[in-house]
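Have a look; sequence and predicted model below, questions after that.
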Amino acid sequence: RIEEGFPVGILEDETGEVWVCVFRNNAPASHLELANKYVADLVGKKATAQGLKYKAKGVNVLRMSVISEY
């Protein structure tokens, strides 16, 4: 349901936690957006991702900078 705008999550093998993926371009006027278009081709596959992790009130968010198939 990525095409309908539902956020993509990554299931972390080691902890079992789910991380909602967001992306922000480095351009000065860029805004935070869902990372759906950047991870759509990796759905259902093992992947590795890097970025800033945020945890607040039971929600885990990964602001991705790099993602690739594992």
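Yep, that arrived. Numbers count the residues shown, from 1 in each chain.

In three-state terms, how would H31 be classified?
coil (DSSP: H, G, I helix; E, B strand; the rest coil).

mind checking how far the residue nearest to it when sequence neighbours are not counted is from G44?
Excluding the flanking residues, the one nearest H31 by Cβ to Cβ, 6 or more residues apart in numbering is R24, at 7.1 Å. For glycine as for every other residue, the C-beta is placed from the backbone atoms N, C-alpha and C. From R24 across to G44, the span is 25 Å (Cβ to Cβ, to the nearest Å).

Of those two, which one has the most company?
Neighbour tally, R24 and G44, criterion other Cβ atoms under 10 Å: the higher count belongs to R24, 15 against 6.

Tell me the pLDDT of that one.
As predicted, R24 sits at a pLDDT of 85.

Quick one: residues contacting the residue nearest to the spatial centre of the chain.
Residue closest to the average C-alpha location in the chain (Cα atoms, centre = their mean): C21, at 1.9 Å. Applying Cβ atoms under 8 Å, 6 or more residues apart in numbering to C21 gives the contacts 7-10, 34-36, 38-39, 49, 61-62, 64, 67.
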